[in-house]
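Student: I would like the atomic coordinates for the input below:
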Amino acid sequence: MDKEAFVFSQDFSITDSSSCSHGRYVDHIDDPVSFSYSLFFKRYLLPNRPCVFSAKFTNDWGSRKRWVTQDGRPNFDHLLKKFGKTIVPVANCDVKEYNSNPKERIPLAEYICYWREYIQNNYCSSKGCLYLKDWHMYREFPEQDDYKTPVFFTSDWLNEYWDAIAVDDYRFVYMGPKGSWTPFHADVFRSYSWSANVCGRKKWLLFPPGQEEYLRDCNGNLPYDVTSPDLQDSSIYPSFRQSVQPIEVIQEDGEMIFVPSGWHHQVYNLEDTISINHNWVNGCNVSIMWHFLQVELEAVEQEIIEWKETMDDWHLHCQIIMKSCTGIDYKEFYTFLKTIAENRIQVLQNPLKNKGEAFPLISSEPASSNLGPYHAVFDLQRVVDVIAALLTNLDFRKLGIESFSPPPAELLNHLKGVLSSVK
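Tutor: The predicted model follows:
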C-alpha cells in the first residue's frame, strides 16, 4: 500500500462500503503491469465491489501449464500421477441436503475415473453430477508450485491466523464437469473470496449485500436455487418482486474473479472446469465479520432461549453452539485479532532499511507484510476499532475476559500506544 492509498483509507468509512452504489457492470482488469495493489485497495477492497482479472494475471502459474492439456481441458493423466491417491471431498449436485449438497470423501483417482465416464456418457451418470469441492490442496501439498497467491489477495488474515495455529486453512481447489454448480450462498464469515479458473468457464450470479433479504421465503429462509420458478410464487417468497436481477458474470479460462464481502452468489461450471479459490478477511472487512458473528450468536440465543433460566452457563453454551456452526466463537475471534496485531507490531519494529520511508520497510513473513508499513498501520487501526467494539459487547464481556492473555483492555491500550508512536 502506498501513502496515497493509506490517506484515502483514513477518509473512507468502512461502514460506507455496505451502502455503496453497485452498478450492473463488473470491471475487467486487463494489464498486470499497470494495475497496482493500491488501485485494487481503493477501487474494490474498501468499496466492496467485485471485479474480474484477465488471464494475463495467471499465465505463469504451474497449474495452468501442467493441469491442462493443449486443447484447454483438464489434464487427467497429470492429476492422477501427482494427486491420484489423495482423498478429496466430493459433492452430489443432484441431491439437496438442507441448503447444500451431501459430500463424501473418495480418492482423486476414483473421482477422475467417474469424471471420464461422465464425459463419455454425454454428461450423464446414475451416480449423479459429482463436484469435487473444498479440497485443501495447499494444506496437503505446501511445497506445491502450481500457483502463487496474487499480491492483491495477500492481505489475508484468515489464512495467516490458521497457518499460525496449524489447524485449518481457507484455500481450496474445485474440479467439476460441465453442469456442476454451487447453490445460493454467501461465503464463510462473510469473507471475501477470489476464484481463478485454471481451465474451463463459470457463470456467476451475484447479488449485492442486502438483496438477499428480498429472497427469503415466508419462514425467513434463503432459497437453495435463485433460478427456481418457486421464487415467483408470492405466497412463498413475498418480497421477491422487490429484488433486483442478479449481476451475471461469465468467467473465462484463466480469469480470476474477486467476490466482495456479503455478496450472495450462485455459480455454474459451463465447461469441465478446475478452479483455485481462497476465502479471506482483512482490515477492510473484519468489521463485517464481527457483525456476522453477532448475528450468528443472536440466532443461537433465540434458538435456545427457553433454557436460559434453567441452564448453568447458558451464555457459554451459546458460544459452543455458535462455534460448531460457524467455526469460531468470540474468544477465538479475539485471539485471531491479537495474532494479527502481534504480527503487524513485528513489522513496524523491523529496523529501518530506507531512510526515505515514513515507517520501516518490510521484509518478514507473513506474505501480507510485503504490502508495506502503511498497510501494517492500517491493519492495526482496524484491529483497534474491532477490539474497542468487542469491549462494549455484553456477550463478550461475560466470557471472563480479564483472564484472557492479555486482557482485551490492556491489549487495546498497547495497540493505541504503538499507533501513536508511528504517527
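Student: alpha carbons only for contacts and neighbour counts from here, please
Tutor: Will do.
Student: host element of Phe6?
Tutor: Using DSSP states H and E, the element containing Phe6 is helix 3-11.
Student: just Glu104 next, same as before
Tutor: Glu104 is part of strand 103-107 when elements are defined by DSSP H and E.
Student: Secondary structure element holding Val88?
Tutor: Element membership for Val88, per DSSP H and E: strand 87-92.
Student: got the contact list for that strand?
Tutor: Where contact means C-alpha atoms under 8 Å, 6 or more residues apart in numbering, the residues beyond strand 87-92 that reach it are 101-108, 111, 128-135.
Student: can you map out the strands along the stretch 151-300 of the chain?
Tutor: 171-176, 181-185, 192-199, 202-207, 247-251, 256-259, 264-269, 273-280 (DSSP state E, counting those that start in this stretch).
Student: need those strands in a markdown table with mean neighbour count and mean pLDDT, can you?
Tutor: Listed next are those as a markdown table, based on neighbours: other C-alpha atoms under 10 Å; pLDDT from 0 to 100:
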| stretch | mean neighbour count | mean pLDDT |
| --- | --- | --- |
| strand 171-176 | 22 | 98 |
| strand 181-185 | 21 | 97 |
| strand 192-199 | 26 | 98 |
| strand 202-207 | 22 | 98 |
| strand 247-251 | 18 | 98 |
| strand 256-259 | 25 | 98 |
| strand 264-269 | 21 | 98 |
| strand 273-280 | 24 | 98 |
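Student: Output these as a markdown table; include the columns distance to Arg24.
Tutor: Shown next, in a markdown table, are the strands of the stretch 151-300 of the chain (distance: least, C-alpha to C-alpha, whole Å):
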| stretch | distance to Arg24 |
| --- | --- |
| strand 171-176 | 27 |
| strand 181-185 | 19 |
| strand 192-199 | 19 |
| strand 202-207 | 10 |
| strand 247-251 | 6 |
| strand 256-259 | 14 |
| strand 264-269 | 15 |
| strand 273-280 | 24 |
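Student: returning to what we had before: what's the helix holding Phe6 packed up against?
Tutor: If contacts are counted by 3 or more C-alpha pairs under 8 Å, 6 or more residues apart in numbering; DSSP states H and E, helix 3-11 sits against helix 373-391.
Student: Output the helix or strand that the helix it packs on is followed by in CSV, but only the C-alpha positions, please.
Tutor: Downstream of helix 373-391, the first helix or strand assigned by DSSP H and E is helix 394-397. Coordinates of each C-alpha in helix 394-397 appear next as CSV, following Å, rounded to 0.1, in the frame of the first residue of the first chain:
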residue,chain,number,x,y,z
LEU,A,394,-22.2,-7.6,26.7
ASP,A,395,-21.9,-11.2,25.4
PHE,A,396,-18.1,-10.8,25.0
ARG,A,397,-17.7,-9.3,28.5
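Student: looking at this structure, which helix or strand does the model trust least?
Tutor: Least confident element among the helices and strands of the chain, by mean pLDDT, DSSP states H and E: helix 3-11 (a mean of 92).
Student: outside of that helix, which residues touch it?
Tutor: 38-39, 41-42, 46, 374-375, 378.
Student: With pLDDT added, can I get the residues you listed in CSV?
Tutor: CSV is the format used below for the contacts of helix 3-11 (pLDDT from 0 to 100):
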residue, pLDDT
Ser38, 96
Leu39, 97
Phe41, 97
Lys42, 96
Leu46, 96
Tyr374, 94
His375, 95
Phe378, 96
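Student: Which secondary structure elements does the strand holding Glu104 sit against?
Tutor: Under the contact rule (3+ C-alpha pairs under 8 Å, 6+ apart), strand 103-107 is packed against strand 87-92.
Student: rewinding a little: any buried residues in the following helix or strand past the least confident helix or strand of the chain, and which?
Tutor: Once the chain leaves helix 3-11, the next helix or strand it forms, by DSSP H and E, is strand 27-29. Neighbour-count burial for strand 27-29, counted by 16 or more other C-alpha atoms under 10 Å, picks out Ile29.
Student: next helix or strand past strand 27-29?
Tutor: Counting by DSSP H and E, the next helix or strand C-terminal to strand 27-29 is helix 37-40.
Student: Contacts for that next one, please.
Tutor: Contacts of helix 37-40 (C-alpha under 8 Å, 6+ apart): 1-2, 5, 151-152.
Student: and the helix holding Phe6, how far out from the chain's middle?
Tutor: The chain centroid and the centroid of helix 3-11 are separated by 24 Å under C-alpha atoms, centre = their mean, to the nearest Å.
Student: buried stuff in that helix?
Tutor: Buried residues in helix 3-11 (16+ other C-alpha under 10 Å): 5-6, 9.
Student: go on, stretch 312-332?
Tutor: 314-315, 317-323, 328-330.
Student: Next step: those residues restricted to helices.
Tutor: 314-315, 317-323, 330 (DSSP state H).
Student: between those, which is nearest Lys81?
Tutor: Taking C-alpha to C-alpha as the measure, Lys323 is the one of those closest to Lys81, at 37.9 Å.
Student: could you list every residue that touches the closest residue to the closest one other than its chain neighbours?
Tutor: Spatially, and ignoring its direct neighbours in sequence, Lys323 is nearest to Asp329 (4.9 Å; C-alpha to C-alpha, 6 or more residues apart in numbering). By C-alpha under 8 Å, 6+ apart, the contact list for Asp329 reads 293, 319-320, 322-323.
Student: Just to be sure, Val52 is in a helix?
Tutor: No - Val52: not assigned to a helix; according to DSSP: H, G, I helix; E, B strand; the rest coil it is strand.
Student: measure the closest residue to it other than its chain neighbours to Phe53 for me?
Tutor: Leaving aside its chain neighbours, Val52 sits nearest to Ile257 (4.4 Å; criterion: C-alpha to C-alpha, 6+ apart). Distance from Ile257 to Phe53, counting by C-alpha to C-alpha, to the nearest Å: 6 Å.
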